[in-house]
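Visitor: Model the structure of this input:
(2 chains)
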2 protein chains.
Amino acid sequence: MSAASQNSVGIVQPQVFRHEMPFSLHRGKSLPNFELVYETYGTLNTQASNAVLICHALSGHHHAAGYHHADDSKPGWWDACIGPGKPINTDKFFVVSLNNLGGCHGSTGPGSIDEETGLAYGAEFPRIVVKDWVASQALLADHLGIHKFAAIVGGSLGGMQALQWTIDFPERVHAAVIIAAAAKLSAQNIAFNEIARQAILSDPDQGLGLARMIGHVTYLSDDGMREKFGRELRSGDPNQGADVEFQVESYLHHQAKSFSQTFDADTYVLMTKALDYFDPATEAAAALEEVLANTTSRFLVMSFTSDWRFSQDRSQEIIDALIAARKNVASAVIESEHGHDSFLLPIDRYIAVFSTYLDRLHDQICQ
Amino acid sequence: MSAASQNSVGIVQPQVFRHEMPFSLHRGKSLPNFELVYETYGTLNTQASNAVLICHALSGHHHAAGYHHADDSKPGWWDACIGPGKPINTDKFFVVSLNNLGGCHGSTGPGSIDEETGLAYGAEFPRIVVKDWVASQALLADHLGIHKFAAIVGGSLGGMQALQWTIDFPERVHAAVIIAAAAKLSAQNIAFNEIARQAILSDPDQGLGLARMIGHVTYLSDDGMREKFGRELRSGDPNQGADVEFQVESYLHHQAKSFSQTFDADTYVLMTKALDYFDPATEAAAALEEVLANTTSRFLVMSFTSDWRFSQDRSQEIIDALIAARKNVASAVIESEHGHDSFLLPIDRYIAVFSTYLDRLHDQICQ
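Guide: Numbers count the residues shown, from 1 in each chain, chains lettered A, B, ... in the order given. Below you'll find the model as predicted:
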């Protein structure tokens, strides 16, 4: 694939939205102002009715589709699903993709200067919760002249943001597409996040690499890893001493190294904490179906058979609550052996369900 | 439970076996001599036909049952299964439980003095493979006057040792009981071990704690963690800032701290490497059923429904190979929500299957 390929959005240019007013955070602190870096793909129609918001997951950012330079070797992280003729069809929709508050790819975050101290916030950056992301995304939408999104779409932590949108701004969402997500994390998920955080706290550089290794292993399925690596040795003979390495080890070392060079440890801690504490039902001291009672959007909820970090049972909890609340909900469980990472991949049935749902939505609300 | 309880082996005393001759290791190096610390429970009969060998797993040791002191708060690690009237019934069997070579509980290992340098071996301790453990256990058996074990029993890495025994010393094993094990690790398992090793290599103390955290999370099932911890907060209100902690985090911190105080980082690396490289079929460049062709023992293979580190599919591979090799194999898949740790627990059906098998074995060969 290249920047010139027909189903790519092509070369894209990040932009910056600056909110000049103080922004109060849910946990009590505030930011004197903030910036969000974002990209857009496609064209906003005159009624501003065809906008789709992309919410990113733990290690994501604003660059979801297309290329920054003609010689980029890889497109944006969700290029499989965003572009002309793809599920989030840029011939039809105007797509907005941002780097979340607290991120490390250009939006205000731990790497930004705290005006009070003149130093980077680092670990002192205020705690962010999913509601804060949604509130800041709403300000970006205002700036772009989008009152109501045709769809708000996200996988994993991104799906949690889509769900929070339907609760906090029901009148601003036509459809929420919630993929490989959960209404709250399980104890196991919190535990994996805590291990990653402890690794980072004991050594930010090495720890970030370890965190990424844990992510990679837990986002893939056992079967998927078997197919990808088996027990292949990178070199040599298992009977010839200690220097040989399994392919999977070599892969993990590479992933750890490149991640720790491009990601920020404080952002990783901040985002995993946002994940852990996401729990709109407990926060409202109510059942999930009661929390969802005031939502007015329609919902598409998708999960993948081999995803054990965000299993289909977690998606089913969301679906059950939506049904109990008498909402318009479509759902699909997609066969895949690629674990949690499946939501990033061009899996035939996934692409078909996703495309059909958004095409129909477009026909109904954007004409 | 206390040392005085009726189904306990009571107060036990570790003993030391010293092998004074050089011991050649499978990977080429050798030890000038070695010591194994071990315990025994029950009485060896005059024909020496009622001996059972316990093989321990990654973090195990020789103290499998009973108490060292009358005021010990906890018994040995497999007290649920070893004792009067328990599956490994000390009224009938003479049980031998050792700390493996390379261990950190008294047997020769990284903490021992290298006679050539006068310093502790540390990370320079020679690489150990499962075959080395089996060979050293055979020398311990010789010392104890046991030519043939009634049963060799182990869970997880212990089950791999039991399987290796049937291949290396077929004439010395009546029955192998292989629980929650595998004929080789999956890429996912190797990956988790590598993450633990990387954590240790970057910081031995903190890393050992992280390794233990990873072990705990992956040895429990998602459902088991939900039942044990849910999303309970240790204190306070999730809306009140950054200091609150989920119960599961507090538990993991405690486990990490106590493990890093009692276990040795070099032993952990050594034992995970032994696990990773265990693969008798590939080592023989043959199918598993061919490798098992010369075994003469009977087999009991057990696995647990919620164990995802050593799933029932891995046990089924062993069972299928044994059937293909026309061996005497019994098997059971035990319903449990406690994941890999299930093999340590007094689960009714597990205890029933385990007891019945060994009782019948005793009736047949030890009278």
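Visitor: in the stretch 1-150 of chain A, which spans are helices?
Guide: Remark: helices assigned in the stretch 1-150 of chain A by DSSP state H, counting those that start in this stretch are A:130-144.
Visitor: low-confidence ranges in chain A?
Guide: Residue ranges of chain A with pLDDT under 70: A:1-5, A:234-244.
Visitor: interface residues of the stretch 201-350 of chain A facing chain B?
Guide: Counting by Cβ under 8 Å from any Cβ of the partner chain, the stretch 201-350 of chain A comes close to chain B at A:202-203, A:206-207, A:209-210, A:213-214, A:216-217, A:220-222, A:225-226, A:228-231, A:238-239, A:241-242, A:246-249, A:252-253, A:256, A:273, A:276-277, A:279, A:282-283, A:308, A:311. C-beta coordinates here come from the backbone N, C-alpha and C atoms, glycine included.
Visitor: quick one, helices of the stretch 201-350 of chain A?
Guide: Remark: helices assigned in the stretch 201-350 of chain A by DSSP H, counting those that start in this stretch are A:204-219, A:222-229, A:247-262, A:265-277, A:280-283, A:288-291, A:312-324, A:348-365.
Visitor: A:V301 is nearest to which of these?
Guide: A:V301 lies closest to helix A:312-324 among the helices of the stretch 201-350 of chain A, at 5.1 Å (Cβ to Cβ).
Visitor: Tell me the helices and strands packed up against the closest one.
Guide: Other elements packing on helix A:312-324 under the criterion 3 or more Cβ pairs under 8 Å, 6 or more residues apart in numbering or on different chains; DSSP states H and E are helix A:288-291, strand A:298-304, strand A:329-334.
Visitor: Please identify the deepest-packed of those.
Guide: strand A:298-304 (a mean of 25; mean count of other Cβ atoms under 10 Å in any protein chain shown).
Visitor: what are the pairing partners of it, and which direction each?
Guide: strand A:173-179 (parallel), strand A:329-334 (parallel) (DSSP bridges).
Visitor: A:Q261: which of those is closest?
Guide: Nearest of those (Cβ to Cβ): strand A:173-179, 28.3 Å.
Visitor: Report the angle between that closest one and helix A:348-365.
Guide: For strand A:173-179 against helix A:348-365, the angle by axes from the mean of the first three to the mean of the last three Cα atoms, to 10 degrees is 180 degrees.
Visitor: Please compute how far strand A:173-179 lies from its chain's middle.
Guide: Here the centre of strand A:173-179 is set off from its chain's centre by 13 Å, with Cα atoms, centre = their mean, to the nearest Å.
Visitor: cool, stretch A:191-204 as well?
Guide: Its chain's C-alpha centre and that of stretch A:191-204 lie 20 Å apart, by Cα atoms, centre = their mean.
Visitor: can you pull the contacts of the nearest residue to A:S186 once chain neighbours are set aside?
Guide: Counting by Cβ to Cβ, 6 or more residues apart in numbering or on different chains, A:S186 lies nearest to B:D222, which is 5.5 Å off, once chain neighbours are set aside. Residues in contact with B:D222, defined by Cβ atoms under 8 Å, 6 or more residues apart in numbering or on different chains, are A:186-188, A:308, A:311.
Visitor: Relative to B:D132, which of the helices of the stretch 201-350 of chain A is closest?
Guide: Comparing those by Cβ to Cβ, helix A:247-262 comes nearest, at 22.1 Å.
Visitor: same for that closest one, what does it pack against?
Guide: Here helix A:247-262 touches helix A:204-219, helix A:222-229, helix B:187-202, going by 3+ Cβ pairs under 8 Å, 6+ apart.
Visitor: what angle sits between the second one and helix B:312-324?
Guide: With the same axes, to 10 degrees defining the directions, helix A:222-229 sits at 70 degrees from helix B:312-324.
Visitor: Same check on the last one?
Guide: Taking the same axes, to 10 degrees, one finds that helix B:187-202 is oriented at 120 degrees with respect to helix B:312-324.
Visitor: With only the CA atoms kept, save helix B:187-202 in PDB.
Guide: The C-alpha trace of helix B:187-202 is given here as PDB (Å, rounded to 0.1, in the frame of the first residue of the first chain):
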ATOM      1  CA  ALA B 187       4.400 -19.000  22.100                       C
ATOM      2  CA  GLN B 188       2.200 -17.200  24.500                       C
ATOM      3  CA  ASN B 189       3.600 -19.000  27.500                       C
ATOM      4  CA  ILE B 190       7.200 -18.300  26.300                       C
ATOM      5  CA  ALA B 191       6.200 -14.700  25.800                       C
ATOM      6  CA  PHE B 192       5.000 -14.300  29.400                       C
ATOM      7  CA  ASN B 193       8.200 -16.000  30.700                       C
ATOM      8  CA  GLU B 194      10.300 -13.600  28.600                       C
ATOM      9  CA  ILE B 195       8.500 -10.600  30.000                       C
ATOM     10  CA  ALA B 196       9.200 -11.900  33.500                       C
ATOM     11  CA  ARG B 197      12.900 -12.400  32.600                       C
ATOM     12  CA  GLN B 198      13.200  -9.000  31.000                       C
ATOM     13  CA  ALA B 199      11.700  -7.400  34.200                       C
ATOM     14  CA  ILE B 200      14.200  -9.300  36.300                       C
ATOM     15  CA  LEU B 201      17.200  -8.400  34.000                       C
ATOM     16  CA  SER B 202      16.300  -4.700  34.200                       C
END
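Visitor: The residue nearest to A:A293 when sequence neighbours are not counted: how many residues sit nearby?
Guide: The shortest distance from A:A293 to any non-neighbouring residue, by Cβ to Cβ, 6+ apart, is to A:A325 (5.3 Å). A:A325 has 17 neighbouring residues, counting by other Cβ atoms under 10 Å in any protein chain shown.
Visitor: for A:A325, what are its contacts?
Guide: Counting by Cβ under 8 Å, 6+ apart, A:A325 makes contact with A:289-290, A:292-293, A:295.
Visitor: so A:K131 touches A:H26, yeah?
Guide: Yes. Shown here, A:K131 and A:H26 form a contact pair, counting by Cβ atoms under 8 Å, at 4.8 Å.
Visitor: Tell me how far stretch A:140-148 lies from the chain's centre.
Guide: Relative to its chain's centre, stretch A:140-148 lies at 20 Å (Cα atoms, centre = their mean).
Visitor: do stretch A:253-272 as well
Guide: Offset of stretch A:253-272 from its chain centre (Cα atoms, centre = their mean): 15 Å.
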